[in-house]
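# here's a sequence, model it:
(2 chains)
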Amino acid sequence: MFGRRALPFTKEIRERLNQLDIAALRRRARDAEKELFNLGITFTVYTDRDAIDRILPFDVIPRILSPADWKIIESGVKQRVAALNAFLHDVYHKQHILKDGVVPSDLVLGHEHYREEMRDFDVPHGTYVHVCGTDIVRDEKGRFRVLEDNGRTPSGVSYVIENRHLMMRAFPDLADGVPIADVDSYGTQLAHAMAAVAPIGVTDPTVVLLSPGVYNSAYFEHVYLAREMGAPLVEGQDLVVENDKVYMRTTNGLQPVHVIYRRINDDFLDPEAFRPESELGVAGLFRAYRKGNVTLANAIGTGVADDKAVYAYMPRIIRYYLDEDPILDNVQTNICRESAGLAKTLANLDKLVVKPVGEAGGYGVVIGPRATKRELRELKALLESDPANYISQPMVNLSVCPTLIGRAIEPRHVDLRPFALTGDSTWVLSGGLTRVALRRGSLIVNSSQGGGSKDTWVLV
Amino acid sequence: MCWLGRYLERAENIARIIHINETYGRDDPHGPDWRRVLRLYSDEERFDAIHDDASAATVLGFYVIDRDNPASICSAVLAARENARSVRHLISTEMWTHLNIFSSAVRALSAKDLRLSNLSVVATMVINGCQSFEGIAEGTFLRGEPWCFFQFGKYLERADQTTRILDISYDRLLLDKEDAVATVQWNLLLRSVSAYHAYRSRHPGLSRPHDIAAFLLYDTEFPRAVALCVSRMTTLLRDIEKRHMKSGGAKLEKARRSLEFSLETGPAHELTPVSLHAFLDGLQIALGDVSDVISEGYFR
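All right, here's what the predicted structure looks like:
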């Protein structure tokens, strides 16, 4: 499982951990959590009278990835980002993939996140997904599999960097002499990627980070990244469009803006082009964008590529554009709009997880092994009446990592979200956000459902 | 940015005022007169609407931990922290970290921390917390426009608070006929604004009410003196205007001039409780005007 060079280090780290008794580990973990509050690495929950700060629970036992494992993930993520960008370019231009019948037209063109406004518009370097977060799990055979591509405004990268700082302060002895890939360069890499996609002819672009503001749960991250990039943090009201050019209001008057790393969804970006009631966006921004006077990262309309239904086609999308086999597999997915997929699903209903593609947040998902006979009968009827609305997947046994739970170390399920940046080429931050389901047996790593995070060490 | 400076300066001064009020009352058989603090901040009406009596517990609760009172230490510090969050990208990491730690300590204060025997500890904690922030800012905060506004807010609030501290003390102390007691009290006043040694170096030996008031109003080297605060405000405004390459406008200039004028034409030579009170009132109004114009002019 581990490369030859990595093995001694993994063993060494395990031995060092073993030398700390549980009480000491617990104490250091408590100090680390306190420090998260002190440093304000928090998201804020607002009630009527109060602003309550919460932290993303932090587990002090790092997750370790060998150089060989990391090579697979890194190259697999790059491949996927390349395919996503090629796919987005195609569906907003000539639509070869739809005409060739590789991905069904109605699936893409009828998608709620498909933006007809983006047709025949060329984005710099053909990059639509500048920042990508790929959710990856490891199955029972140790193979990495992609659960989801996040190609709109993925968040969490600030925790990767802060978790590392925290770990190095709380456990300098644990990492001493172990060669761990650094994560500190994310801010400069992000700034480079943003500068690389500036409109043509702009040599010294002004990059800004557009945030929905202080009430957004990821506001800490917006501030963090703006500071790491050395870019101004702005809100919609700080920007103005004149003659299809974007300017930032400063106390010295208007200053031109060339690239906007936006952490606001498409719908809210421009009340003129999208939701008219949005107060977060900038009127006229889309016109300026279409004229090529400003670059938005990520591009508008990427939501069509990071959806459950399109996900099922990703292996074919990769082969279609890159003529390569996928380096990272999907979780095996049966596409019920296809007869073979439907037949296989219907024959194994009691073993599979069936998901409606149009729904988000787990709504309408039926877990075969846990469903009653009657539920399965109803599901069968639904599948037969509208097969195109469903996909099915086997239950995945997520891998586990040792995790400090109370006064013991126990196995808990984890996933991994590496972050890829693409300007004119793709760079992947070593490691990524390891999320851990802190409840025993739980497969759900989301922070809203009892999930926490770990530092991820890629050995070099 | 202006408000960040103001909120913390305000929290620090509320702590100073309740501290000195408690100290004044130590020799009084009836204990400290807490209504005096309410009068000082013109808060009697608001306070009486929710409390039946002005005891140590109710007034201290009102000014230290009451989150429904926007003028409490807790409200000011939490507001400072919320304010810092919205300008987090402009301030230094150390400033932010300190404010997180400080605000969570203030948030944790409860009624049982406000026993008179413990009040000194709490007041010192608040004063130290605010001063540390100021020191960290001095050492880590970029000297750009945000710094200017931060400093401006601080001096504006400080000038206002110094006039109030003087106001709370002056009439009471002038009525105190017994010199020995009065001297002790005057010294306490000086210590409450960290002015004791500074004043001594100017006036060795004697604590005369008139000298003390003049010192707190007109000294140009003592950092809490009104004159110094006002002159710093002017310098900062000039600096901001230079950065903008335009003036702050006629209205601002007028407000600023009228503040300077009301300071210069004070009853420096014949300070009676009545004349001083009226004068301090006028100063507070002039400071309020500058504050209003600034918020209109520079922040939408």
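# check what pLDDT residue 24 gets.
You didn't pick a chain, so chain A it is. For A:A24, the pLDDT comes out at 90.
# looking at chain B here, not the other one
75.
# which non-adjacent residue is nearest whichever residue of the stretch 301-450 of chain A sits closest to chain B?
Going by CB to the nearest CB, chain B is nearest to A:S447 of the stretch 301-450 of chain A, at 19.5 Å. Glycine gets a C-beta too; all of them are placed from N, C-alpha and C. The shortest distance from A:S447 to any non-neighbouring residue, by CB to CB, 6 or more residues apart in numbering or on different chains, is to A:L56 (5.2 Å).
# ok, the one you found - contacts?
Neighbouring residues of A:L56 by CB atoms under 8 Å, 6 or more residues apart in numbering or on different chains: A:36, A:41, A:43, A:159, A:447, A:451-453.
# by contact count, what packs against the least confident helix or strand in chain B by mean pLDDT?
Within chain B, confidence by mean pLDDT, DSSP states H and E is lowest for helix B:179-192 among all helices and strands, at a mean of 75. For helix B:179-192, the packing partners by 3 or more CB pairs under 8 Å, 6 or more residues apart in numbering or on different chains; DSSP states H and E come out as helix B:2-24, helix B:145-175, helix B:196-202, helix B:209-218.
# measure the residue nearest to A:S447 to A:R115 for me?
32 Å (CB to CB, to the nearest Å).
# what's the pLDDT at the residue nearest to A:S447?
86.
# and if you look at the one 10 residues further on?
Reading off the confidence values, A:S66 has pLDDT 92.
# nearest residue to the residue sitting nearest the centre point of chain B in space, ignoring adjacent ones along the chain?
Central residue of chain B (CA atoms, centre = their mean): B:Q161, 3.0 Å from the mean position. Distance criterion CB to CB, 6+ apart; nearest residue to B:Q161, sequence neighbours excluded, is B:N13 at 3.7 Å.
# could you verify my assumption that that neighbour touches B:E157?
Yes. B:N13 lies in contact with B:E157 (CB atoms under 8 Å); the separation is 7.4 Å.
# any weak-confidence spans in the stretch 201-300 of chain B?
B:245-248, B:267-271, B:297-300 (pLDDT under 70).
# where along it do the helices fall?
B:209-218, B:226-244, B:250-264, B:273-298 (DSSP state H, counting those that start in this stretch).
# how about the residue in the stretch 201-300 of chain B that chain A sits nearest to, what does it touch?
The stretch 201-300 of chain B approaches chain A most closely through B:H244 (5.7 Å), counting by CB to the nearest CB. B:H244 makes contacts with A:251-252, as judged by CB under 8 Å, 6+ apart.
# check the gap between the residue nearest to A:S447 and chain B for me.
16 Å (CB to the nearest CB, to the nearest Å).
# for A:I180, same thing?
23 Å.
# tell me the contacts of that residue?
A:I180 touches A:457-460, counting by CB under 8 Å, 6+ apart.
# what are the bridge partners for it, then?
A:L459 (DSSP bridges).
# could you report the pLDDT at it?
pLDDT recorded at A:I180 is 93.
# just the helices in the stretch 301-450 of chain A please.
Using DSSP H, counting those that start in this stretch, helices in the stretch 301-450 of chain A cover A:308-312, A:314-322, A:339-347, A:373-385.
# how far off centre is the longest one?
Going back to what we said before, that points to helix A:373-385. 33 Å (CA atoms, centre = their mean, to the nearest Å).
# what angle separates that helix from helix A:339-347?
Using axes from the mean of the first three to the mean of the last three CA atoms, to 10 degrees, the direction of helix A:373-385 lies 170 degrees away from that of helix A:339-347.
# and for the second one?
For helix A:314-322 against helix A:339-347, the angle by the same axes, to 10 degrees is 160 degrees.
# who are the packing partners of helix A:314-322?
helix A:67-91, helix A:96-99, strand A:329-330.
# go again with 10 Å.
helix A:67-91, helix A:96-99, strand A:144-150, strand A:329-330 (3 or more CB pairs under 10 Å, 6 or more residues apart in numbering or on different chains; DSSP states H and E).
# buried residues in stretch A:37-52?
In terms of neighbour count (16 or more other CB atoms under 10 Å in any protein chain shown), stretch A:37-52 has its buried residues at A:37-44.
# end-to-end on it?
Length of stretch A:37-52, first residue to last, CA to CA, to the nearest Å: 11 Å.
# quick check: mean pLDDT of that stretch?
78.
# and it with chain B, contact?
Yes. Shown here: stretch A:37-52 in contact with chain B (CB under 10 Å from any CB of the partner chain) through A:37-42, A:44, A:49-51.
# tell me which two in those residues are the farthest apart.
A:L39 and A:R49 (25.1 Å; CB to CB).
# B:G129 and B:C74 touch, don't they?
No. Checked against CB atoms under 10 Å, the pair B:G129 and B:C74 is beyond contact range at 12.0 Å.
# next, show the common contact partners of these two.
When CB atoms under 10 Å, 6 or more residues apart in numbering or on different chains defines a contact, the residues bordering B:G129 and B:C74 alike are B:11, B:103, B:106.
# not counting its neighbours along the chain, what's nearest the second one?
Using CB to CB, 6+ apart and skipping residues adjacent in sequence, the residue nearest B:S103 is B:R81, 4.3 Å away.
# I'd say the one you found and B:N100 touch.
Yes. Between B:R81 and B:N100 there is a contact under CB under 10 Å: 7.2 Å.
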